[in-house]
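Student: Mind looking at a prediction? Sequence and model below.
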Amino acid sequence: MGKGDSIIVAVRVRPFNDRETKRNCKLVIEMPDEETTVIRDPKTNEEKRFTYDHSYWSHDGFSEKKNGYFEPENAHYADQKRVFEDLGRGVLANAWAGYNCSLFAYGQTGSGKSYSIVGFKNNKGIVPIVCEELFKQIADNKKKNMQFEVFVSMMEIYCEKVRDLLTSTPPPKGGLKVREHPKNGFYVENLTTVPVNSFKEIEAKIEEGTKQRTIAATQMNATSSRAHTIVKITFNQKSSKQAGGTSMKKSEINLVDLAGSERQSAAGTEGDRLKEGIVINQSLTTLGRVIKALHDSQKAKGGKKMQIPYRDSVLTCLLKNALGGNSKTIMIAAISPADINFEETLSTLRFADRAKSIKTNAVVNENQTERALRELREENLRLQSQIQGGGATGDASNEEIEKLRRQLAENQKEMEEMEKSWQQKIAEEAAKHAGGASEKAEMEAKKRKMCHLWNLNEDPALTNVIVHFIPVGETVVGNKPTSSGNFIQMSGLSILQQHVVLKNDGNNQVTLNPCSEDLDIFINGKPVHGETQLQQNDRVFFGGNHLYVFNNPTKKGIKTDITYDTAQAEIAQNHAAALGNRGIGGGSKRDLILEEELMSTLPLVQRANAMATELGRNVKFEIVLVSPEMRGLTSGLTEIWIKVHNISEDTYFLWEKSRFMNRYYGMQEMYEAKQDGSDGWNMPKERDPFYEPPDSPVFIASSVVFLQSLAYLIDVEEQFPIVDLSGQEIGLLTVGLSPCSTTGKELRGEYVENPSQLIGKNIAFKVKVISAVGLPRRILKSNCKYRFFGSKKMTTTPTVSGNTPSYGHEETFQFKPVTKEFADYLANSNLYITFWGTQRPRGANSRRNSVSTIGSGGAREGPNRTVRGAVKPRRVEKLVQNAKSAENRNISVKALETVLKGVDDNENRKTRKQSMKKASSTTAIKSRSGSKKPKAK
Ligand code: ADP
Ligand code: MG
C-alpha cells in the first residue's frame, strides 16, 4: 500500500461502572450502526454525530460466562474477540509484512483504555492476544531457511521522564535519555530490550513491567493515570537466500496506553498564579497539539508544510513515526456511557475525529544484512575520522563530538546485535535470570498455602500485583531493613523505618502491631492503635499509598470482589462519621455525589499533608464542605473545598477542588524530585505548590441577609453576622435595603400588606453594603460579593483596608415590572453576601498588632471572641412591624445552619460542634431581637 494510510480510529463505549450505576446515571451514547457514534447533551438534548472506522458497542448485550468471559448476547455487542479480529489481526498481518505498527488508547481515566489494550483476567485485550498469536504463527511458519526473533521493551513516561520497566536497577536521575538517530528517528537510550522465545516469556516480562509500575506508583506517590505506558515489540524475520546472504524484515510494534485525558477544569485554576508553572501533562497536551497540527496540515490545500511540534514532549518524539511517519497506526478512543462524563466524552470524540484524517506513510522495512553491515562499517569509519578531525567543519563543539561518539557507539551495538545469533541472545538472557522462569508458578503455589497481603490500587490494572507473604514468627514492615529478620519493604510517604510488626503464630493467626502510637493505620476503615488480630479479607491501610487485603488461604471465605473503591469508601465513611446526624449518606443523588467526591478527595488530602511534612512545609490541608449559599449562590450542590492553613504565616486559604488537584500534581512532582535525589526540588516560593502568598484574594466568610422586609416595601438597615467556614461568627456586617422609585428616590412609608401587591409595579431596590466590624486581625483588605435576583454577574463592593472596613457600597436594581417570581424571591429568599480578602502574614506589622491583640480576642478568632464596633441605631418600630406581619411565615434559618458541615479530624470535632451551636444560636438571638423569627422545623 505504502503512501497515505489513514490512522484507523475506533471508539468503544464500556458498561456503566459501580459509581455510575449507584448515581443512576443516564446513557448519553448511541451507536446506530457499526461506524456511527451519537452523543446527546444531557442538558439540551442536542445530538452530535460522529463516524469512525469502528464504533464498538460494549455497553450492554453481553453475559458473563463461567470462566469470566464477557460473551455477546447479540450482534450489536463488541467483545474482546471482535476488537482483536478487527484491529489486532491487522497489526499482526502488518508485522509479518514488515511494517511498523502502532496502537494507542486514548480516553479519560476509567474509560476502558487498559481494558482494550491489555484486558482484565479472561477478557484478554489486544496486547496478550497479539503476542500469543504471533508465537503461534511463528511456530506454524518454521522453515529451515527462516529465523524469527522477538524482542520486548516496556517503559513509562511520567512527568516527561522515561522509566525502564524491565529493569530493577533504580532509574537514573531525570530518567532515561531520548535521543535522535539520523536515520531511525527518536529512541530511548539504554532501554532494556529482552529477547523472548515464547508467549509465556513475553507475558512474564509484561507482568514484571506492570509490577515495576505498581511499585513505582506506590512509592513515589504517583498517580498511575498520569503516566503513559508503552510496550514495544520488535519482530525480525531473517531469511537466508539460496544464492548466499541473508535478508531481514523488521517490524516495530508500539502499544501505547496513554495517560488519562481528563482536563483540568478551567474555573478551578483561574487566578492561580501557579497555573502556568505546573504542567499537568506535557506529553498529553503536546499529543493534542500534534494531532491538531497534522489534521490542519492535511486539510490545508496546496501541500503547505506545517511545523509539527513533535519535539515539545517525550511522548510525541517517541510516537513521531506512529503519528506522521513510517507506521500503520490505530487509535482506540475509550469512552464512558454516562451523562456525568458528557464533557469529557465529547472532547474524546472530537479528538478521535481529528485523528481520523491523519495519514502516515508506512514502508516495508527490509534489508540485506550484509549490505546493512557494510554500510554501518563505512559510516563508522566516517564518524571516527570526523571525531578525530574535530567534526565535519573541523571546529565542532564538545557537544557535537559527543553526539558523534554516541552515534558511533549505537552503530557498533547495532552491528554486534546483527552478528550475534538468536541462540546466543536467548542464552545470554537466560543466564541473567537463572532459575527465574518458574517464579510465577512458585508464587501462585505459595499463595495457596501461606498467609499474605495483596495490594489494592486505584488503577484496577495495578491491583493484586504486589503480594507480601507473612511467614511464621515476626515480620517487620518498614521502609528500610534493619536486622536480619523477616522484613517487608513498603516505601514512600508516611512509612517509618519500622512501621508495624506482623506476627504469625504458626497456626496462621496473624496479628498486627503498630510501632508508634500516632501512626495512621486503618483496618476496614477504622483506626487501630494497639495489637490487632487480622481476619480473613481485612483491608489494611498502612499509611501513605499502601492499601492491602489480608488472606489466610488455609481458611475458608476468601473474597475476590474487594476493590480499591470499596476499601477507600470505608475510610471515607469513618471520616464522614464526624458529621454526625448532619452527615451525608442520605441516599439522595446529591448525597451520593458528595460522598463519592469525599471518598476520592480524602486520600489525596491525607497524602498532601504527608507530603507537606516530608518536604518540610508548615502547611495543613483540611476538607470542608461548602454549601452553595456560602458561595453566594441561591442554588447548586454542596462542594468539597480544601482549607489551607499556612501555619508559619498564620494565613488561611480556600481552594476549590480543581485548584487543589492542580497543586497536588505539583506537590507530587516536588516529592518525586526529592526522592529522585534531584537538586532543585526545593522550589522558591513563587513556584512552590504548597505556598499561597498572603496577597492572594481568599474567601473569608459570608453573611445571610434576610430580604423579607423588601417584600413589604419596608426599608431596613441592620447588622448581620459574618460567619466563616467553620461556622464561627467573625464579625458583623451592616447592610441597608431600601425600596426606591425607578428614578432612585427612596420610598418611605408606602408599605404593602402583601408581597403580591408588588407584582406589576415598577420598583427599584437599593442594596447598601455599608460596613463591617470585627474582621479577624489577619485580614488586610476585603471586599464583598453578592448576586441579586436576576443579575447575571456578581456585584462587587470596593476593596477596603482594615478590620472595620467601610465599604460604602450602593447599587440599585430595577424591576420593571416586578414579577411574581421576584416577589416570591423577596418574601422567601435570602441574599448571600460573600467576603473576600487578602491577608497579613504573621510577623508583618508586628508591633501594632501586638498592641491591638490585647482585648480583641487575639490573633485567632476563638468562639469567645466579642465583636466590637459601633452599632447603628435600628429602626426598631419598623422591624417589629415587619416581624409581626411576617410571623407564621417560614423563614429559613437552615441556610445559615447548613453553611458548613465540616469534615475534619477528631480533634477538631468538638470545636466544630461548638461553633455549629454558636452559629445557630446567633440566629436565635437575632430572632429574639425582633427582626426575624425562625420557625421550628
Ligand atoms: P482506563 O485504563 O482507561 O483507566 P480501565 O481499562 O482500567 O480504564 O477500565 C476501568 C474499569 O472498567 C475496569 O475495571 C475495567 O474492567 C472496566 N471496563 C472497561 N471497559 C470495559 C468493557 N468494555 N467491558 C467491561 N468492563 C470494562
Ligand atoms: Mg489504565
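Tutor: Nice, I can see it. Ligands and ions are numbered 1, 2, ... in the order given.

Student: Now residue 12: which helix or strand?
Tutor: strand 8-13 (DSSP states H and E).

Student: phi, psi of the closest residue to ligand 2 within the stretch 101-250 of the chain?
Tutor: Per C-beta to the ion, residue 114 is where the stretch 101-250 of the chain lies closest to ligand 2, at 3.2 Å. Every C-beta, even on glycine, is put in place using the N, C-alpha and C of the backbone. Backbone torsions for residue 114, taken as degrees, to the nearest 10, come to phi -60, psi -30.

Student: on that earlier part again, work out the gap between whichever helix or strand comes after the strand holding residue 12 and the centre of the chain.
Tutor: Per DSSP H and E, the first helix or strand lying C-terminal to strand 8-13 is helix 18-22. Centroid separation between helix 18-22 and its chain, computed with C-alpha atoms, centre = their mean, to the nearest Å, is 19 Å.

Student: right, and the helix or strand after helix 18-22?
Tutor: As assigned by DSSP H and E, the chain's next helix or strand after helix 18-22 is strand 29-30.

Student: Can you name every helix or strand that that following strand contacts?
Tutor: strand 36-40 (3 or more C-beta pairs under 8 Å, 6 or more residues apart in numbering; DSSP states H and E).

Student: Try it again at 10 Å.
Tutor: strand 8-13, strand 36-40, strand 54-57, helix 342-356 (3 or more C-beta pairs under 10 Å, 6 or more residues apart in numbering; DSSP states H and E).

Student: can you list the ones you listed in CSV and add mean neighbour count, mean pLDDT and distance to ligand 1?
Tutor: Output for the helices and strands packed on strand 29-30, formatted as CSV (neighbours: other C-beta atoms under 10 Å; pLDDT from 0 to 100; distance: least, C-beta to the nearest ligand atom, whole Å):
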stretch, mean neighbour count, mean pLDDT, distance to ligand 1
strand 8-13, 25, 97, 6
strand 36-40, 19, 97, 14
strand 54-57, 24, 98, 8
helix 342-356, 19, 94, 10
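
Student: now residue 218: how far from residue 463?
Tutor: Distance check for residue 218 against residue 463: by C-beta to C-beta, to the nearest Å, it reads 11 Å.

Student: Need the residues touching each of the two.
Tutor: 455, 457, 547 (C-beta atoms under 10 Å, 6 or more residues apart in numbering).

Student: so which of those residues is the most crowded?
Tutor: residue 547 (23 neighbours; other C-beta atoms under 10 Å).

Student: For it, give me its contacts.
Tutor: Counting by C-beta under 10 Å, 6+ apart, residue 547 touches 218, 453, 455-458, 463, 522, 539-541, 564, 567-568, 571, 603.

Student: Could you do residue 79 as well?
Tutor: Taking C-beta under 10 Å, 6+ apart as the test, what residue 79 contacts is 56, 58, 61, 62, 69, 70, 71, 72, 85, 123.

Student: Helices of the stretch 201-350 of the chain, start to end?
Tutor: 266-269, 282-299, 314-318, 320-324, 342-356 (DSSP state H, counting those that start in this stretch).

Student: ok and the residue in this structure nearest ligand 1?
Tutor: Scanning the chain for the residue nearest ligand 1 gives residue 112, at 2.9 Å (criterion: C-beta to the nearest ligand atom).

Student: now that residue: how far from residue 840?
Tutor: From residue 112 to residue 840 the distance is 51 Å (C-beta to C-beta).

Student: do the same with residue 572
Tutor: Distance from residue 572 to residue 840, by C-beta to C-beta: 36 Å.

Student: Would you mind naming what in the stretch 251-400 of the chain lies close to ligand 1?
Tutor: Residues of the stretch 251-400 of the chain lying close to ligand 1 (C-beta under 6 Å from any ligand atom) are residue 334.

Student: switch the cut-off to 8 Å
Tutor: Taking C-beta under 8 Å from any ligand atom as the contact definition, the stretch 251-400 of the chain meets ligand 1 at 257, 260, 334.

Student: Could you do the chain as well?
Tutor: Near ligand 1, when you scan the chain using C-beta under 8 Å from any ligand atom, you find 12-15, 17, 58-59, 62, 70, 105, 107-117, 120, 123, 225, 257, 260, 334, 459-461.

Student: can you give me the helices in the stretch 351-500 of the chain?
Tutor: 369-388, 398-419, 422-432, 439-447.

Student: possible to save the helices of the stretch 201-350 of the chain as a markdown table with distance to residue 701?
Tutor: Output for the helices of the stretch 201-350 of the chain, formatted as a markdown table (distance: least, C-beta to C-beta, whole Å):
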| stretch | distance to residue 701 |
| --- | --- |
| helix 266-269 | 21 |
| helix 282-299 | 37 |
| helix 314-318 | 45 |
| helix 320-324 | 52 |
| helix 342-356 | 32 |
